[in-house]
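1. Got a predicted model here, sequence first, then my questions.
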Amino acid sequence: MKKNQAKLQVQNLEVRYSTKEHSTLALDKVNLSIREGEFVSVVGPSGCGKSTLLKVAAGLLKPAGGQAMLDGKEIDGVTGRVGMVFQNDALLPWKTVYDNVRLPLEIQGISRDRQGEEVRRLLRMVGLAEFERYFPRQLSGGMRKRVALARTFAYDPELYLMDEPFGPLDAQTRVTIGKEFLKMWEQVGKSVLFITHDIEEAIALSDRVVVMTSRPGRIKAEFEVNLERPRPFYDIRFDARFKELQKEIWHCMAEET
Amino acid sequence: MKKNQAKLQVQNLEVRYSTKEHSTLALDKVNLSIREGEFVSVVGPSGCGKSTLLKVAAGLLKPAGGQAMLDGKEIDGVTGRVGMVFQNDALLPWKTVYDNVRLPLEIQGISRDRQGEEVRRLLRMVGLAEFERYFPRQLSGGMRKRVALARTFAYDPELYLMDEPFGPLDAQTRVTIGKEFLKMWEQVGKSVLFITHDIEEAIALSDRVVVMTSRPGRIKAEFEVNLERPRPFYDIRFDARFKELQKEIWHCMAEET
Amino acid sequence: MSGTEEYGKVKVWSGRIALGVLLLGLWELLSGRAFNAFWLSKPSLILERIVEMTQKGTLWFHLSVTLQEAVFGLIIGMVGGTLLGIVLAYSGIFERWIYPYIMALYSLPRVSLAPLFIVWFGIGMSSKILMVVAMVIFVAFYNAFEGIRNIDKDLLDMMKTYKAGKLQKLTWVILPSITVWILTSLRLNIGMALIGSVIAELVGANRGLGYYITYSSGMLDTTGIFTGLFLIMLIAVVLEQVVIQLERRLLKYR
Amino acid sequence: MSGTEEYGKVKVWSGRIALGVLLLGLWELLSGRAFNAFWLSKPSLILERIVEMTQKGTLWFHLSVTLQEAVFGLIIGMVGGTLLGIVLAYSGIFERWIYPYIMALYSLPRVSLAPLFIVWFGIGMSSKILMVVAMVIFVAFYNAFEGIRNIDKDLLDMMKTYKAGKLQKLTWVILPSITVWILTSLRLNIGMALIGSVIAELVGANRGLGYYITYSSGMLDTTGIFTGLFLIMLIAVVLEQVVIQLERRLLKYR
Amino acid sequence: GNSPAGNPQSSGAPSESKPAPAAASPTTIKVGLVCGGMTPLLTQIGINDGSFEKAGLKIEKTCFNAGADAVQALVGGSIDINLGSYEHVLRQQKNGLDVKVYGEIYNGVGYALVVKKEAPYQKLSDLKKTTLAVTKVGSLSDTGLRAGLEKDGVSAEKDVQIINGGSGATMLAAIESGKAAGGMVSEPTTAQMLASGNYRILYDPPFEYAGIVIMAKSEWAAGHKDAMKAFLKVNHDVNERAQKDPQSAVEPMLKEFDKIPQDILLTAIKNQLPKVPAGLKITKAAADMVVSTQLELGAISKEIPFDKTVDLTLLP
Ligand SMILES: Nc1ncnc2c1ncn2[C@@H]1O[C@H](COP(=O)(O)OP(=O)(O)OP(=O)(O)O)[C@@H](O)[C@H]1O
Ligand SMILES: Nc1ncnc2c1ncn2[C@@H]1O[C@H](COP(=O)(O)OP(=O)(O)OP(=O)(O)O)[C@@H](O)[C@H]1O
Ligand SMILES: [Mg+2]
Ligand SMILES: [Mg+2]
C-alpha cells in the first residue's frame, strides 16, 4: 500500500443544484485530499454541502467545476470500490434484513455459505442477530441504520463514504458500533470520509477533522488529530489533548452559526 | 393551569407488533406520567420502543394492554391537541417549505395574512428564511428536520411529542434551535415528551429524564433534573449537578447494552 | 439511466419527426411492392383523402363528433372513477364486499352491451358518451384505489395529529399522493376513450370517425379505414400532449 | 381508514355472498315486474341455460376457447409489454422518440382493426391471441414504464455504489420496485384480455363465448347474451383471485 | 336421397381420374358466412343434415359479424368460399382482386323494413324526417333500403337519417326503444318479431338483387374445381328437396337456430325459399340491379361486366 498517494483528491470543487426556479451553489472551491488509509471526518453546519461532497466522491453527482479524483483518476460515474452509507438508510424494503446485508456479497459473487457466515457475523456485530428475518419496515429508525452499516461493512470497500452513519443511534450503541468499526479499521486501514455532527466522535475516530463553512460550503479549517493508535474509542475522550481539540473545533464551528 | 393533573398518564402499557411470521413485544408494562407543563425526556437503546411509546401517546397506535390517558381520558384515536415531530420528517413532498409549515395554521383556519407572518417568523427561527419556495427534495437532511420542527411549532399543541427532533442537526444548529425551543417552552409551559439520544440535551431541556430498558421496553429509572429555570441551554452543561446527573444516566444506560 | 433524464427539445423533436418520416416513407415505398397496396393503403393516398375530406367539410364533421364524445366521456369517467375509487377506499369493509363485483363488471365486453345501451340510453350523443364513460371509469377507479393503498402512512398519521378534516386530508395528502396514479390512468384512458367512442359509433350512429371507419370497411375502402385510424391517432397524440403538459405542472416537485 | 386494514375472512366472504345474493335476488324479482324481462333476462333463466349447456357439453366448448385465448394472450402481452417498458425506459433518448408513436398505436380501436387482423393473421387461434395481446400489451408497457420512472433514486444510487451489474439491478431493485405497477396492470389486463378475445370472436369465429354472445344476439336470445356475459365475468373473478394470491405473496413486505 | 358419390358431372371433368373421390378422405372447405341470419339457408341445411359429408366434403364454418369482414378473410386466404352479397364481389374487382361468383343461393336483399305495429307509417314516403336503422352502413341492408327510398322519392341523404343498427338484439333494441322508426331485419328475426304481434313489415324490397352469392377467389376455384362443383351440387340438391318439402328443412335448421320455436322457423323458411333462384343461377337482372346501386353509391366508378365477375360453368 502506497501510504502517500492520495486516495481521494478534490480540487476546486464546485457543485450547483439547478432547477427552473432556483440555482443553489452547494459547494464552492473545495479542496480536500485523503491519503490511502487515512480517516477524515467532516463537520459543518446543516445544509452546508457535506452530503453533496460525499455524493461527488461516490461518483453519483457531477461537479459543476473543479475535479474529484480517485486513485489519481478523475471520477466519472461510480468507479473504484467505494462504499457509501447514505444519510437515509437506502434499504431495500422488499428484502429481509439478512438479504439486505447479503446484497454486496452476492454482487461480488461470493458463495452462499460464506455469505451466510459473514452476514451473521456482521448482524451480531451491530446487535441485530435476532432480526435477520425482519423486513425494514418492521425495524426502528436506529435498527435500520445499523442494517445499512452492516451492509457497508459487508462490502468492505477501499474507500468508506459515511454520511452520519451513527445518526439515529443512542449514545451507547454509538459507542459499541464505533468501537467495532474503529477496531476493524485499525486492522485493515482503509480510507474513510466520515460525516458526523458529533465533534467528539469525529475526533475519537479520525486522523484529521475538516470543518466546513455554511452554505455555499467551503473548507474552513483542518485539524490534525495527533492521538496515538490504537485508541480507546470511549476513554480517549478524557485525554487532555482531546479536550483541547474539541474546544478548538467547537469554536471554529460556532463562528459559522 | 392545574399544574398537578397528569397531562399524559400511561399505565401498564403493553404494545405488540404482530405479523404472520413474528410477534414482537415492543413495550412491556410501561408506567409514565407527565404533568401539565412538564418537560420529560426519554432515552434508551435503539429499538427499545421509544417511537412506539410516542405513537401510542399520539393515538396512532392501539396498545395491546394497559392504558394511555390524555387529560384523564383514555386515548382512542387522535384526540387532544397533540403535536408530533416524527422520527422521519413526514414532510409533504409536493408542497414548498412555506406550505409545509403553513399546514397546521391552515387547518386551524387562521387568516392568510397571519399565516404568512407566523410561517416567516418560524422559518427565521430555524434558519430557513431563504428557503421558503424550495421543495423538501431540494433540502439537506438537517434542513428537512428543521422544517418539520417549524411545522410543529406552528401548531403549538398542548402536548409536544418529539421523536429525535434534533437528530440530523450539527452541534451548533442543535444548540441554536434547542435554545429557541427552550425559551418558547419556558414562556408558555406546554407539556413535552421528548425523545433523544443525547443525554446532555435531555438534561439541559428536561424536568425529568426517563431511561428505558432494551427491548421489550420498560422504564428502568427516572431522574429528576433539579436545575433552576430559566436555564442557559448551553452553559448549564458546565454546572456540577449537570455533570453528576450526566454520569449517573450514562451508567444507568450503559448497563443496558 | 433513470428514465427521467432531460434532453434538449430540439434533439427530442427532430428525432421524433425523423422517425415519423422514416416510418411513413417505408410504408409508402413498400406498399404495392413488398405487399399488396390494397390491404395497407399508402400515406399518400391517406393524405389525399384527408385533403378531399377537408374540402368537402366531412373531416371536421366526423372528427368533431368523435372528439366531443371522447373528451366528455373522458372527463366524466375520470372524475367519476377517481371519486369512486377514493370513496370506496375509505368505506371500510364495504370495499372488500363490492370490489370483486366492480372488477367483474369491468371485464364485460362493452361491445356486447350495445343493445342494452340502446334500450336504456338511446342512440344520441349521451348514449355514446356513456359508452366512453363505461370504458374509462374502471381504469380511473382502479388506479385511484391502488394509489390510495400506496399512500405513505406517515403522512396520513401526521395529518391526523394535526386533526385535519376530511377535506383537508384529501387536498393536502390524498389527492397529491395519487396524482401520479391519476395521471397514469388519464393517459391510459385517452386511448380507452377513443376506443369507446368508436365502439359506440358501431351502433346507432351516422357520423363520427368510428362511423366513417365502419362505413369504409363496409365499402372495402382501406384508405378510408386508415384515414379514420390516422385521425384517431392524431387526436390521441394531441390529447397526450395536453396531459404531458399537465403532468409537468403537477409533478414539478419531483 | 387506510384501505389496507385486515378483516376476517368470514366477514369478508359472507358480506360478498350476501351482496351477490341480494343483487341476484333483486334482479330476479324486478325482472318482468319493474322492467321488461326480455331485455335483462333473469338469473334463474341464466342458471337453467348454464345447466343445459353443461349437459350438452357446449359450455366447456365455448368457455375453454375464450379462456385459452385470454390466458395465452394475457401472458404473452404482459411479458412482452413489461419487457418493452423496461427496455425502453433504459434506452435513453430513443424512448423519447418512440414513445408518442406507441401511445398513438395504443389508441387505435382494436374493433376496427379486427378485419385487418384477419387478413394479416388469418382466423385461427393465433390471430385471436394476437388480438388479446394487442389489447393487453399497451397497459403492461405503460405501467412498467411509469413504474420505472417512480423508482426511488436512492436505491439505484446505492446499487451503483456496490457496482451491481444490469441483471442484479433488475432483480434486486427494478423488478421489486415495479411489482406494484405490474400487478396493477395485470389486474387491469384481465378485463382487457377478455374483452379482446370477445372482440376477436366477433369477427370470424365459430366457437368461444364471444361467438356465443354474438350468436345469441342474432337469435334475439337475451338469456344467451347474459349467460355469455356471466361466464366471462366468472372467468374474470377467478383470474382476479389468482392475481390477488400472487399479490399477497409478492407484496408481503408492506 | 342422393348417393354421396352420385356425381355424373365430376366424371366429366378432365382432371378427375379417381372415380370415387369421396368417402376416404373428405375435402375440407372453409366457408365463411354471416351467421345469425338465414339467407344462406341452403348451405346451412346442407351442413346440418349431413349432405356435405355425404358428398365427401368437410365444411368448416366460420361466422362473421359483417359481410365485408368475411370478404377480407376470403381474400386473405383464411376461408375458401364466402357466402355474401354480390356487391362485395364488385368492390373486390374494383380493387383488382380476382373474386368471382359461382352461383347464387338467394336472390333478393334479404332484409325487410320492420316498424312497430302501431306506428303511423304506411309507406316509405311517410318515413321522411325519421331515423332508420340498417345493419351496417354500406352493407346489403343499407343498399336495399336506399334503393327503395329513392324509388319512392325519399332522399336517403336528406330526408331520413340512416344509422348503424347492428343485427339481432341490437337492432331490436333500436326499434323497440323508438330510437329508430324502423329497421332492416332479416329472417329469422323478422319472423320472430312478427310472431310477437308488435311489429309489421312496411317494406320488403321487391326487386331482384344478387343478395347471397357463392364467391371464391378464381385462383382457388381453378385449383379446386371438384370441391367447388360438389359444393354447388349439394346446395342445388338441398334446394330441390326443400322446395318440395319445406318441413324437411326445419329439423336441420333447428340445429342452427335452437332457440327459435319450430313454427316460426317454418314460416321463416317458407318466406325464404321462393327467393332461391332456379338452378342457383344468378340472373343478369339481379346482377345489374346491384351494379346500378353500387354505381349510385359511388362504391364502384364504372360498370363491371357480368361475365368478368360471374362463372356459372361449375353449377350442376
Ligand atoms: N436535489 C437538490 N436540489 C436542489 N438543491 C439541493 C438538492 N440537494 C441538496 N440541495 C441543496 O444543497 C445544499 C447542501 O445540501 P447537502 O445535503 O449537501 O447538505 P448537508 O451538509 O448534507 O446537510 P445536513 O447536515 O443537513 O445533511 C443545501 O442548501 C440544499 O438546499
Ligand atoms: N411496524 C412494525 N412492525 C413490526 N415490528 C415493529 C414495527 N415497528 C417497530 N417494530 C419493533 O418494535 C420495536 C421498537 O421499535 P421503536 O421504533 O419503537 O424503537 P425506538 O425505541 O424508537 O428505536 P430507535 O431509537 O432506533 O428509533 C423494535 O424492536 C422494532 O423491531
Ligand atoms: Mg446531509
Ligand atoms: Mg425511534
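-> Noted; the coordinates are in hand. Ligands and ions are numbered 1, 2, ... in the order given.

2. Output stretch C:149-163 in PDB with nothing but the alpha carbons.
-> Taking Å, rounded to 0.1, in the frame of the first residue of the first chain, the C-alpha atoms of stretch C:149-163 are listed here in PDB:
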ATOM      1  CA  ARG C 149     -53.300   1.900  -1.000                       C
ATOM      2  CA  ASN C 150     -49.800   3.200  -1.700                       C
ATOM      3  CA  ILE C 151     -50.000   6.400   0.200                       C
ATOM      4  CA  ASP C 152     -47.200   6.900   2.700                       C
ATOM      5  CA  LYS C 153     -48.900   6.100   6.000                       C
ATOM      6  CA  ASP C 154     -46.600   8.500   7.900                       C
ATOM      7  CA  LEU C 155     -48.100  11.500   6.000                       C
ATOM      8  CA  LEU C 156     -51.600  10.500   7.000                       C
ATOM      9  CA  ASP C 157     -50.600  10.000  10.600                       C
ATOM     10  CA  MET C 158     -49.100  13.400  10.500                       C
ATOM     11  CA  MET C 159     -52.300  14.900   9.200                       C
ATOM     12  CA  LYS C 160     -54.200  13.100  11.900                       C
ATOM     13  CA  THR C 161     -52.100  14.500  14.700                       C
ATOM     14  CA  TYR C 162     -52.900  18.000  13.300                       C
ATOM     15  CA  LYS C 163     -56.600  17.000  13.400                       C
END
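
3. Give me the contact status of that stretch with chain D.
-> Yes: Stretch C:149-163 comes into contact with chain D (C-beta under 8 Å from any C-beta of the partner chain), by way of C:R149, C:N150, C:K153, C:L156. C-betas here are computed from N, CA, C, even on glycine.

4. do the same with stretch A:90-98
-> Yes: on the criterion C-beta under 8 Å from any C-beta, stretch A:90-98 is in touch with chain D at A:A90, A:L92, A:P93, A:W94, A:K95.

5. of the residues of stretch C:149-163 next to chain D, closest to ligand 1?
-> Set against ligand 1, the nearest of these by C-beta to the nearest ligand atom is C:N150 (23.0 Å).

6. how close does the residue nearest to the closest one when sequence neighbours are not counted sit to B:N88?
-> Leaving out its chain neighbours, the residue that sits closest to C:N150 by C-beta to C-beta, 6 or more residues apart in numbering or on different chains is D:V180, at 6.5 Å. Distance, D:V180 to B:N88, by C-beta to C-beta, to the nearest Å: 21 Å.

7. Against ligand 3, how distant is E:V137?
-> Look at E:V137 and ligand 3: by C-beta to the ion, to the nearest Å, they are 68 Å apart.

8. Assign a three-state SS to the nearest residue to that residue once chain neighbours are set aside, would you?
-> Excluding the flanking residues, the one nearest E:V137 by C-beta to C-beta, 6+ apart is C:Y215, at 4.8 Å. Under DSSP: H, G, I helix; E, B strand; the rest coil, C:Y215 falls in the helix class.

9. contacting residues for C:Y215?
-> C:G224, E:V137, E:G138 (C-beta atoms under 8 Å, 6 or more residues apart in numbering or on different chains).

10. pLDDT score for residue 90?
-> Let's take chain A. Here, the pLDDT recorded for A:A90 equals 87.

11. meant chain E actually
-> For E:L90, the model assigns a pLDDT of 86.
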